[in-house]
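In: Have a look at this prediction, sequence included:
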Amino acid sequence: MKVNSNLKLLVILIIAVLLIAGCSNEKNTAQEPETQKLKIGALPIEDILPIVVADKSGYFAEENLEVELVPFQSAVESESAMQSGQLDGMVTDIIVATLLRDSGFDTRITSITLGASPQEGRFAIVAAPESNIETISDLKGKSIAISNNSIIEYVTDGLLKEADIEPSQVNKTAVAKIPVRLEMLLNNKIDTATLPDPLVTFAEFKGAKIIAEDTKKNLSQAVIIMTEKALEAKKEAIKGFYRAYAKAVNDINAAPEEFREILVENINIPKPIVDIYSIQHYPKPQLPQEKDINNVLDWLNKKELLKNNLKYEELVQDNLY
């Protein structure tokens, strides 16, 4: 009788252990949500540094996120990938974001990457090393290498108008590829060119002269856009993306030199200036101001590049951070 009692007790203990183990497994499963994936397209530009840092620092993993930064060598390639559904989002500028939306492609601006203040993401009109151009007033009748209907042309027009020069008073020369534009400038084959940093810094290093830059009045913002599909299906993941992104921004701004190696590894910076190029101050996630987007809309409308009467609210997505 005693043996049977012991046997019954042993069976009860085994069942209890199994039940506890089952409950524990269910609890662990509930605490480990499925990892979500976001695919973000980008050129190798300094705007992507917070994304790279957030990934390397494990901040995305903390949010149960896998973020794939998909590299492209041209804006056309990244836009095509976005439109074909290969990407959830893309690092671009407000001009591209607006034109994509106007074409009927459902995207929204979700945050600025650079350009919350004029000092972030510098663009400049730069004169060739052997040019006799010294001030922006000297640009009348001279040639400026730009890319048409782009953020480059938008900034160029803005800088000219600030100096009371009508864009029609200069000779705009379309040179879409930035490396070609830079080469023409440094070889004195064009009077001036509008460039973004770090190429502004490199051109100056090679003897070119900065004639005007957008560091006093905010003319350019780089942004991250997301598809409507991603915003609907992965909204919580995108919120987690920006929580991680904000942590990376704090890290970079607190000790920028600690991230120079990562910057050089992931971003196209000409070798002669990798040690002297200033690492950007990055803004926390935030939407562009309405006035900045309205200025872009006005410029695009005057150039008759828009088919629709777009509004600020149609171009941005709030409540993500």
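Out: Here it is on my side, so go on. Numbering: from 1, shown residues only.
In: which residues in the stretch 51-200 of the chain form helices?
Out: 59-62, 75-83, 94-102, 151-162, 178-186, 199-205 (DSSP state H, counting those that start in this stretch).
In: how about the ones you listed, which one is nearest Lys216?
Out: helix 151-162 (8.4 Å; CB to CB). In this view, the C-beta of every residue, glycine as well, is placed from N, C-alpha and C.
In: And the helices of the stretch 51-200 of the chain: which comes nearest Ile225?
Out: The closest of the helices of the stretch 51-200 of the chain to Ile225 is helix 94-102. By CB to CB, the value is 4.9 Å.
In: Figure out how far that closest one is from the centre of its chain.
Out: Helix 94-102 has its C-alpha centroid displaced from the chain centroid by 14 Å (CA atoms, centre = their mean, to the nearest Å).
In: Quick one: work out the angle between that helix and helix 151-162.
Out: 120 degrees (axes from the mean of the first three to the mean of the last three CA atoms, to 10 degrees).
In: What's the local residue count around Lys216?
Out: Neighbours of Lys216 under the rule other CB atoms under 10 Å: 10.
In: when you give positions from now on, start the count at 101
Out: Okay, using 101 as the starting number, the last item reads as Lys316.
In: which residues sit in contact with it?
Out: Lys316 makes contact with Pro218, according to CB atoms under 8 Å, 6 or more residues apart in numbering.
In: any idea how far Asn350 is from it?
Out: From Lys316 across to Asn350, the span is 27 Å (CB to CB, to the nearest Å).
In: before we move on, what about Met284?
Out: Counting by CB to CB, the gap from Met284 to Asn350 is 40 Å.
In: Of these two, give the one with the bigger neighbour count.
Out: Set Met284 next to Asn350 and count neighbours by other CB under 10 Å: Met284 wins out with 18 against 13.
In: give the contact list for the residue lying closest to Glu234 once chain neighbours are set aside.
Out: Using CB to CB, 6 or more residues apart in numbering and skipping residues adjacent in sequence, the residue nearest Glu234 is Lys309, 7.2 Å away. When contacts are counted by CB under 8 Å, 6+ apart, Lys309 touches 226-227, 229, 231, 233-234.
In: If we use 10 Å, what do you get?
Out: For Lys309, the contact set (CB atoms under 10 Å, 6 or more residues apart in numbering) comprises 224-229, 231, 233-235, 292, 303.
In: mind listing which of the residues you listed are in strands?
Out: Among those, the ones falling in strands (DSSP state E) are 224-227, 292.
In: how far away is the residue nearest to Glu234 from Ile376?
Out: 18 Å.
In: Now which of the contacts of Lys309 would you call buried?
Out: Using 16 or more other CB atoms under 10 Å as the burial test, these include 224-228, 231, 233, 292, 303 as buried.
In: hang on, the earlier thing: columns distance to Gly204 and pLDDT on top of the contacts of Lys309, output as CSV?
Out: CSV is the format used below for those (distance: CB to CB, whole Å; pLDDT from 0 to 100):
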residue, distance to Gly204, pLDDT
Ala224, 34, 97
Ile225, 34, 98
Val226, 37, 98
Ala227, 41, 98
Ala228, 41, 98
Pro229, 45, 97
Ser231, 43, 95
Ile233, 42, 96
Glu234, 46, 94
Thr235, 44, 95
Thr292, 36, 98
Ala303, 38, 98
